[in-house]
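J.: what's the 3D shape of this:
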Amino acid sequence: MDGWASPQPSPACLLLLPPDRSEKRESLIWLHPECHSPKPASLPHVCAVGLDTRRLGCGHGEQRIGTRPVTVDMNMITFFIVGLGVHVVFFISIFDIYFTSPLVHGMSPQRVPLPPPARRLVLFVADGLRADTLFKPAANGTISAPYIRRIMEEKGSWGVSHTHVPTESRPGHVALIAGFYEDVSAVAKGWKENPVEFDSVFNESRHTWCWGSPDILPMFAKGASGDHVYTHTYSTEDQDFASTDASKLDTWVFDKVKDFASTDASKLDTWVFDKVKAFFREARGNDTLLSKLRGDHLVFFLHLLGIDTNGHAHRPMSREYFENVGLVDAGVEEMVSVFEDFFDSDGRTAFVFTSDHGMTNWGTHGAGHPSETLTPLVAWGAGVQTAQRVTSQNFEDQFLQEWNLETLRRVDVSQADIAPLMSSLIGVPIPLNSVGVLPLQYLDNTKLFHAESMYANAVQVLEQFKVKMAQKKETTLSFLFTPYPLLTESNQLDFVRRVRSLIEQGSHDEAIDLCDGMIAEALRGLSYYHTYDRFFLGASVVLGFCGWTSYVVVVILKTHAGLRKPPSPRDLASARSLGRVFLCVGAVISVFLLLQSSPWTHYVYCLLPVPVWYSVFKEFGTVADLIRSAPSLPLSRCLGYFAVVILGIELLVVSFFYRGMLTLGLVVLSGWPIASQLYTQAKVRSLSWVLGCLCLALFPLMPVVGREPNVHLVTCAGVLTLLSTACFMWLSWRRSPLHWRDWRLSVSQMVHVALCAYVLNSTHSSLKLKQGLPIFNQIVSWTTLASSLVVPLLSSTRLFQRLMSILLSLVCTYLLLSTGYEALFPPVLGWLMFVWINIEQEAMHTQGVSTNLELAHIDFSENIDITKIRQLSLDDIRRSYFFVFFIITAFFGTGNIASINSFDPASVYCFLTVFHPFIMGALMMWKVLIPFVIVMCTFETILVSTHLSSRSLFLIVLVISDLMALHFFFLVKDYGSWLDIGTSISHYVIVMSMTIFLMVLSIVSHVLTSRRIHVGWRRKTHFT
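T.: I've put the predicted structure just below:
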């Protein structure tokens, strides 16, 4: 028992960390320098960190280690929960800082004191229609929409409506009908309901009738005051991407309008009984309905979803897409005839034809490509300027020449400008929250009407500014409030007096210019107050970010650099004093926020840095010890490692903007065995590593998934998986034969891979023939998805056998969710991960760390030899960086979320073809996470094979990912193009989501690798 009575441990003693693979923890142990067996610590300064209570191997026999009650398990769980909570706060903060709702309430509606030109407005929205599809003639000179072309050339005005990111249906319709650009946080809360109430043209109308999609119409009815917005929708099941003819959605709309306008009252009543309960109650008496239709301020909205559905299913260059455009064109012509006949051609109907967003050539939308943001706008009828011939026009693009429209005046607008245009045509107030500017060039009216309309538009925007300023002034201490300097109350009053004076004097053009300037200034003022607290909140989040990262670094140093020491009475007194100081700081911040009536989320962002930095400053002694021991450290090697890691982090940051940087990174990584001298000792494994990196490096160079579907490549991926599995099984059989149960499971999984490849080919062939989704294929697909995380638990827990089972199970699901080359990504990634595991073993040998067991004999479920758990080394920073790099590569390698418009509905056709956005989104998210799981399981394996605690390396990974997130936080911006703004914010969200997912996936990977389900096994019973 020599050496156990010493009051202090020898400097050679190493503090051992728990492997984090245990189910129960006990007390700390020290490794005695003269005996390599773990012995319980009885020293007074030792604090519990926990160890595995399973029987641990030792050269002097097996024994249970530790006698103290468990305390660290709670510490570990607490650290995990706190870390998860901190990152959730950082994640949510971006929405409070950049994505708070811009809407304010309490404004007064502004009316134009002149009669409107139209009594009713008909709005056609061709969902997913691109501007060039409508305007550009075909190669043979034919026009896809001849009727609308005649309108443009003879009696209407036209232009391009510029949409904003995200180019989705909900924000597009909100901009068209309500006049403002909905923030992304509202879009994320659902397509079918209103996260916030807002005003719209429909709400301001006397009556509005809508026909179309159940995903769009209900939100405008819900947001309307009263019951004057009537929605008539088809069922969700009709939105079937596998439908024989998606254009039936538009035909349905046109048929219902014809029935509605029919003079046959019985047909009208029958339709009402079957379709709309509210309309049924009001339409019992035909005279009541007719009286409504004979009124003014009416809106008829036809939402035409067929073009969007066909574009997703068949691509915008397909015959189905162009035929649907032709059907819509013919339908619009017929609808115009129906309205003119019903209202006796009274010349009081205005028509607007537009689209909510465009679509890429590969059938997606959501981002900022010109094919998505450029949509058509054609207006004609009462109050609309007729076609104007011009000799020249100045536009930066070359579209006029491509569309053969050089001599027709083109008037471009922002999408939100269409709402004021529609309001002006029928004489209703502009929606209260609109930020659109009335495009006067579309109006055919007097100068007085133009001036009064622009004045109403300017006052409407100015009202929003006033309410926003009053709200901010009310919630800010008077000595801290800084008003917008260019729009004081005196400036506002002066504007009103000058404009009214100019209108009375007949100086209409000057009044219009003044109103135009006021709208621009008021919008800048709105932005000023909307972002008033942004710097304060951003600084608080950055302070918390830096504090948390510093704390994690301190924990790593304290735990793994031998800097842990018992607290002295002086240290305890200093900690208590420091605690009082930080408590006072927290109290001052709370009082400040209370006086400003701040929301509860501001308390979270501002108070979070207080306990975090307290924890950092409390460990000042640890940092001081590190500084004192700096001369004895290999500073040049440490600085070299850190410099390489920082450069690597910058490469990952740049890869978010340019996926090709991942290719550069993989090429650099391929040279690691040569640079580290591993090549001389393990030539075959080094060569496999080089080839694996170079093969994986090809994927970031390929186009984003979804552009060129090719099911033959998916079949090749299945064949590649089967060949690699067969080779693995042959090699395993040569070394040590598999148990018959494991052999049977492996063969069944290989058959399953072949079945999934067949199902994918069968599904796409059936849909191509317009025969729908076969029920057998759907059953196989959903069964495969449900069992993907269960089947691996049936396999052996031997290292390579379990990993191969996980890979096969995940590849099956990935094949069903693939449409092209991306199906090859998991097999290639899995190959590289297997090589990484092997080459890390060689790296351990070169560092002089002995590993008694071969990789093939490691069992995830076996007891852990605690004597072999080692401390961190500088090379572990390299391992952590490799892990983060492969995670980013798994995320962006095939462009699954490189851009939101890389989503392809064809990826989920094996599971469903009916439009269900949340189910489709969940399936695509699982497709994105499958490479994550492969990398996470590999990382878990490396932790076991290199004798490291999972907590140890994960803390380094946490620091690297948090540094990336902090970098992206500073790159977030609210200026420039909408695409740049959205991209900068999405990058931050992706990194924060990745950090949170890694915490959760670490648990999933632990379960996948170490747990086993025993089916049909009998336990042996011994009788005595």
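J.: secondary structure class for L123?
T.: Classification of L123 by DSSP: H, G, I helix; E, B strand; the rest coil places it in strand.
J.: that's a helix at F300, yeah?
T.: No: under three-state DSSP, F300 sits outside any helix and is assigned strand.
J.: quick one: contacts for the closest residue to it other than its chain neighbours?
T.: The shortest distance from F300 to any non-neighbouring residue, by C-beta to C-beta, 6 or more residues apart in numbering, is to V122 (4.7 Å). C-betas here are computed from N, CA, C, even on glycine. Neighbouring residues of V122 by C-beta atoms under 8 Å, 6 or more residues apart in numbering: V299, F300, L302, M335, V336, F339, T349, A350, F351, V352, G381.
J.: Most widely separated two among those?
T.: V299 and V336 (15.8 Å; C-beta to C-beta).
J.: Looking at these two, which is more packed in?
T.: Legend: neighbour count by other C-beta atoms under 10 Å for V299 and V336, higher for V299 (24 against 18).
J.: hang on, the earlier thing: and the residue nearest to F300, how far is that from M335?
T.: 7 Å (C-beta to C-beta, to the nearest Å).
J.: shared neighbours, these two?
T.: L302.
J.: one step back: mind listing which of the contacts of V122 are in helices?
T.: Judged by DSSP state H, helices contain the following of the contacts of V122: M335, V336, F339.
J.: now the residues you listed in CSV, with pLDDT and distance to H947?
T.: Below are the ones in helices among the contacts of V122 laid out as CSV (pLDDT from 0 to 100; distance: C-beta to C-beta, whole Å):
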residue, pLDDT, distance to H947
M335, 82, 74
V336, 87, 78
F339, 80, 79
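J.: any low-confidence regions in the stretch 651-800 of the chain?
T.: Applying pLDDT under 70 to the stretch 651-800 of the chain picks out residues 704-708, 732-738.
J.: Can you identify each of the strands in it by residue range?
T.: Counting by DSSP state E, counting those that start in this stretch, the stretch 651-800 of the chain has no strands at all.
J.: what do you get for the chain?
T.: Secondary structure of the chain by DSSP state E: the strands cover 14-15, 29-31, 38-40, 120-126, 156-162, 207-212, 229-233, 298-304, 349-354, 374-381, 413-414.
J.: right, so of those, which gets closest to K558?
T.: The nearest among these, by C-beta to C-beta, is strand 14-15 at 9.8 Å.
J.: and the nearest residue to F481 once chain neighbours are set aside, how many residues sit next to it?
T.: Setting aside the residues directly before and after it, F481 is nearest to K473 in space (C-beta to C-beta, 6+ apart), at 5.5 Å. Using other C-beta under 10 Å, the number of residues around K473 comes to 13.
J.: mind checking how far L929 is from S818?
T.: The span separating L929 from S818 equals 14 Å under the rule C-beta to C-beta.
J.: between those two, which one's more packed in?
T.: S818 (31 against 19).
J.: mind checking how far that one is from V933?
T.: From S818 over to V933 the distance is 16 Å, taken as C-beta to C-beta.
J.: can you check F399 too?
T.: F399 is 46 Å from V933, by C-beta to C-beta.
J.: Please compare these two by neighbour count and tell me which comes out ahead.
T.: V933 (22 against 17).
J.: Let me know the pLDDT of the nearest residue to W380 once chain neighbours are set aside.
T.: Using C-beta to C-beta, 6+ apart and skipping the chain neighbours, the partner closest in space to W380 is G156 (3.2 Å). G156 is assigned a pLDDT of 95 by the prediction.
J.: same question, the one 3 residues further on
T.: Predicted confidence (pLDDT) at G159: the value is 96.
J.: What's the local residue count around it?
T.: 22.
J.: which residues does it contact?
T.: By C-beta under 8 Å, 6+ apart, the neighbours of G159 are L377, R410, V411, D412, V413.
J.: what do you get for P113?
T.: So P113 contacts E452 (C-beta under 8 Å, 6+ apart).
J.: So it versus E153, what's the distance?
T.: Distance from P113 to E153, by C-beta to C-beta: 35 Å.
J.: How about Y658?
T.: Distance from Y658 to E153, by C-beta to C-beta: 44 Å.
J.: more neighbours, these two?
T.: E153 (14 against 11).
J.: ok, for that one, nearest residue in space, not its chain neighbours?
T.: Nearest non-adjacent residue to E153, counting by C-beta to C-beta, 6+ apart: A387, 5.7 Å away.
J.: Tell me how far T946 lies from L829.
T.: Taking C-beta to C-beta, one finds T946 at 20 Å from L829.
J.: quick one: which of those two has more around it?
T.: Using other C-beta under 10 Å as the criterion, T946 and L829 rank with L829 on top: 25 against 22.
J.: Surely the more buried one is in contact with P931?
T.: Yes: taking contacts as C-beta atoms under 8 Å, L829 lies within contact range of P931: 5.8 Å.
J.: ok, back up a step: out of the contacts of G159, grab the one that's most surrounded.
T.: Counting by other C-beta under 10 Å, top hit in the contacts of G159: L377 with 27 neighbours.
J.: and it, what does it touch?
T.: W158, G159, V160, S161, V352, F353, T354, V413, I418.
J.: Could you measure from it over to L767?
T.: Using C-beta to C-beta, L377 is found at 34 Å from L767.
J.: cool, K136 as well?
T.: 28 Å.
J.: Also I646?
T.: 49 Å.
J.: Check V435 too.
T.: 42 Å.
J.: Can you list the low-confidence ranges for the stretch 901-1024 of the chain?
T.: 901-904, 915, 974-982, 1015-1024.
J.: Can you verify my assumption that G579 contacts S615?
T.: No: using C-beta under 8 Å as the test, G579 is too far from S615 to be in contact (10.5 Å).
J.: More neighbours: these two, which one.
T.: S615 (17 against 14).
J.: Pretty sure that one sits against S550.
T.: No: in this structure S615 lies outside contact range of S550 using C-beta under 8 Å: 9.1 Å.
J.: which residues are in contact with both of these two?
T.: Counting by C-beta under 8 Å, 6+ apart, nothing touches both S615 and S550.
J.: picking up where we left off before, of I646 and L767, give the one with the bigger neighbour count.
T.: L767 (21 against 12).
J.: Do I have it right that the more buried one meets N761?
T.: No: here L767 does not reach N761: they are 11.1 Å apart, not a contact under C-beta under 8 Å.
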